[in-house]
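Visitor: Structure for the following, please:
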Amino acid sequence: MCIFCDIVEGKIPSKKVYENDYVFCFDDINPVAPVHVLVVPKKHFDNINELANSPEGALYSAEITKAVAEVAKIKGVNGAFRTINNCGEGAGQTVMHVHFHVIAGADLTEKLI
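Guide: Numbering: from 1, shown residues only. Below you'll find the model as predicted:
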């Protein structure tokens, strides 16, 4: 079973930041900045490619985008944040359930790595 599916279903505890019918957003347990929230669709898609090629992909993509903005608002980052998606093991994806990192609360340079 997928750890993010278990979190969405409440089988594994998390610190919820935001939720709607399509996404569940929670604080990362290993934050890289003062604000580090994961935005996870409630429906399982392995990665962004699977999401994009799904008949429901546009709907979930729109809901993810809205959720990212809502998380930024809730966390009070005033529009200064970074959103990251890793697609595939070679890009650093460690949980094979598409998700987006919202990172803020520290001065972030333009350098990604």
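Visitor: quick one: secondary structure of A72?
Guide: For A72, the assignment made with DSSP: H, G, I helix; E, B strand; the rest coil gives helix.
Visitor: neighbours around it, how many?
Guide: 19 (other C-beta atoms under 10 Å). To be clear about C-beta, it is placed using only N, CA and C from the backbone, and glycine gets the same treatment.
Visitor: how close does the residue lying closest to it once chain neighbours are set aside sit to V8?
Guide: Leaving aside its chain neighbours, A72 sits nearest to F81 (5.1 Å; criterion: C-beta to C-beta, 6 or more residues apart in numbering). According to C-beta to C-beta, to the nearest Å, F81 and V8 sit 22 Å apart.
Visitor: Same check on D28?
Guide: Separation of D28 from V8 (C-beta to C-beta) stands at 15 Å.
Visitor: ditto for T65
Guide: Here T65 is placed at a distance of 18 Å from V8 (C-beta to C-beta).
Visitor: what about the two, which has more around it?
Guide: V8 (21 against 14).
Visitor: So the more buried one sits against L38, correct?
Guide: No - assessed by C-beta atoms under 8 Å, V8 is found out of contact with L38, at 10.8 Å.
Visitor: Start from the N-terminal end of this protein and give the helices.
Guide: Secondary structure of the chain (DSSP state H): helices at 3-8, 48-52, 57-75.
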